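Visitor: build the 3D model from these lines:
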Amino acid sequence: MSPNVLHVVGERFTGFASENPEVITLPELERLLQEQGLPGDTTLIVGQGIPDERLRRLQAHLERLPERMRATLVADPRALSRAEARLVHKRSEHNIMITAPEQVVEGERYVSSLVLDERCAEMSDHQTGQHIQGMVLMEAARQMILAVTERYFLRDSGQRPSYFVLNQLEATYHSFGFPLGMDVEYHGVRRKESKGGSLTCEAKVCFVQGGELLTEVTIRFAVYDAAFLSSREAKKARQALARATPLMRKAG
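Guide: Residues are numbered from 1 along each chain as shown. Sure, this is the predicted structure:
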């Protein structure tokens, strides 16, 4: 690799950057630009963990650099826009881990990019080692099945709010995933709609980096009309309270 090519990652991935000279954290890059600048003709490849607003500031700063210090920022075009919050059922943008899924084969295969913001809930404590933690990919897989279903399978259901229920979730980790570009692939296994309008699905979400399959997450889930399931959930909550209350009295 050319010495003028650097992968830029978030500060949470300091372990990855400290062990690999081709990698720099965003705070290190910002300090370098402030103090001495880049040597010129440098290519910066966007990795994982970088908040959107800081990426936009970096891009604006690079555009103002003189010709002798020119640097090019490279990112997957899909990685420049996160999925809409409504597709992944999140309120805070930094918790959205994927781009909007694109259809490859109708009903069978959809693809997104992983776009981690290091401020997300799953990375808020600490980061061990150089790789992306397994639980982070589990949450990204959950967001992928929500986004594909909301965008492609429920689009004809009108404005009725839906309620997703996970029935089974199984992950197989084949290799470490590092904070570089990564594809998230949805493969539909089974999908069935009942007469009552509920939808039951099984899908496999695969994480692929540089052509290598890293992780497979198989998820079985169902989608119900929110009004129907809220009523059922409330009934289950009352039953749970009835079972727990005598135990609580004994414990007291």
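
Visitor: dump the residue contacts of residue 137.
Guide: Residues near residue 137 by C-beta atoms under 8 Å, 6 or more residues apart in numbering: 171, 177, 207, 214, 215, 217. Every C-beta, even on glycine, is put in place using the N, C-alpha and C of the backbone.

Visitor: so residue 130: helix, strand or coil?
Guide: Under DSSP: H, G, I helix; E, B strand; the rest coil, residue 130 falls in the coil class.

Visitor: nearest residue to it other than its sequence neighbours?
Guide: Nearest residue to residue 130, sequence neighbours excluded (C-beta to C-beta, 6 or more residues apart in numbering): residue 16, at 4.1 Å.

Visitor: per-residue pLDDT, that neighbour?
Guide: At residue 16, the model reports a pLDDT of 96.

Visitor: quick one: residues contacting residue 119.
Guide: Taking C-beta under 8 Å, 6+ apart as the test, what residue 119 contacts is 51, 94.

Visitor: and what about it, helix, strand or coil?
Guide: What three-state DSSP gives for residue 119 is coil.

Visitor: pLDDT at residue 70, what is it?
Guide: 80.

Visitor: for it, grab phi and psi.
Guide: Phi and psi for residue 70, reported as degrees, to the nearest 10, are phi -60, psi 140.

Visitor: wouldn't it be in contact with residue 37 here?
Guide: No - using C-beta atoms under 8 Å, residue 70 is not in contact with residue 37, being 10.4 Å away.

Visitor: coming back round to it: after the helix or strand the residue nearest to residue 130 falls within comes which helix or strand?
Guide: Using DSSP states H and E, residue 16 sits within helix 14-19. Once the chain leaves helix 14-19, the next helix or strand it forms, by DSSP H and E, is strand 23-25.
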